[in-house]
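>>> let's see this in three dimensions:
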Amino acid sequence: MNLKFLSWNVRGLNAVVKRLQVRNLLRSWKADIVCLQETKLEWITRGTVQSIWSCPYVDWLYLGSDGASGGILLMWDSQVVEKVEEAVGHFSVSCKFKNVGDHFEWAFTGVYGPNLNKRRRLMWEELTGLISWWDLPWCVGGDFNIIRFPSERLGAASFSRAMFDFSDFISLHGLMDIPMARGIYT
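Just a heads-up that it's a prediction; the model follows:
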């Protein structure tokens, strides 16, 4: 089964116009699973979800924002995948899914990472705990608020400890870093 994912830092969903823009793009992209970061929404209701994604079989899980920063909304088409378990952390929203068609079980984690280096270690620990808990094939995506290579950010000239930690995390868990589409810099 080929699933279509969308992970996007929307930089706020408070404005009706922004929700309409996101809704129109989601309609054209026809994703099965959508993860939106930096929603800046403390609470997300069914009405909020329906104003963003017109999928009639949408189910969702979220991490509310901390004031006007952060927030993650993970949505999926329940005719395509079934949620088996869920976990909401400080930096992530995760679901253990089972594909409706072939019953394959796997996990997805949506991330919105901290900007401070000292809090990133907590994020790596949270994510490592999730993958060891479920021990399944894992897809993790989102905005980690860190880059792996200086070439990924305009004006970045050298490697930092945080970059090495990000690369170590990817390597340790056997993940693949899929390049960003439609943009050179984050």
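>>> in this structure, which spans are helices?
16-29, 46-52, 117-134, 161-172 (DSSP state H).
>>> pLDDT below threshold where in this structure?
In the predicted model, the chain carries pLDDT under 70 at residues 180-186.
>>> any buried residues in stretch 94-103, and which?
For stretch 94-103, burial by neighbour count (16 or more other C-beta atoms under 10 Å) applies to Ser94, Cys95, Lys96, Phe97. Where C-beta positions appear, they are placed from N, C-alpha and C, glycine not excepted.
>>> of those residues, closest to Ile170?
Relative to Ile170, the closest of the buried residues of stretch 94-103 is Ser94; by C-beta to C-beta it sits at 17.1 Å.
>>> test my guess that the closest one contacts Phe108.
Yes. Here Ser94 reaches Phe108: they are 6.7 Å apart, a contact under C-beta atoms under 8 Å.
>>> from the centroid of the chain, which residue is nearest?
With distances taken as C-alpha atoms, centre = their mean, the chain has Gly110 as the residue nearest its mean C-alpha position (2.5 Å).
>>> ok, back up a step: mean neighbour count added to the helices of the chain, as CSV?
CSV is the format used below for the helices of the chain (neighbours: other C-beta atoms under 10 Å):
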stretch, mean neighbour count
helix 16-29, 13
helix 46-52, 15
helix 117-134, 15
helix 161-172, 14
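>>> re the thing from before, for the residue nearest to the centre of the chain, which non-adjacent residue is spatially closest?
Nearest residue to Gly110, sequence neighbours excluded (C-beta to C-beta, 6 or more residues apart in numbering): Cys35, at 3.7 Å.
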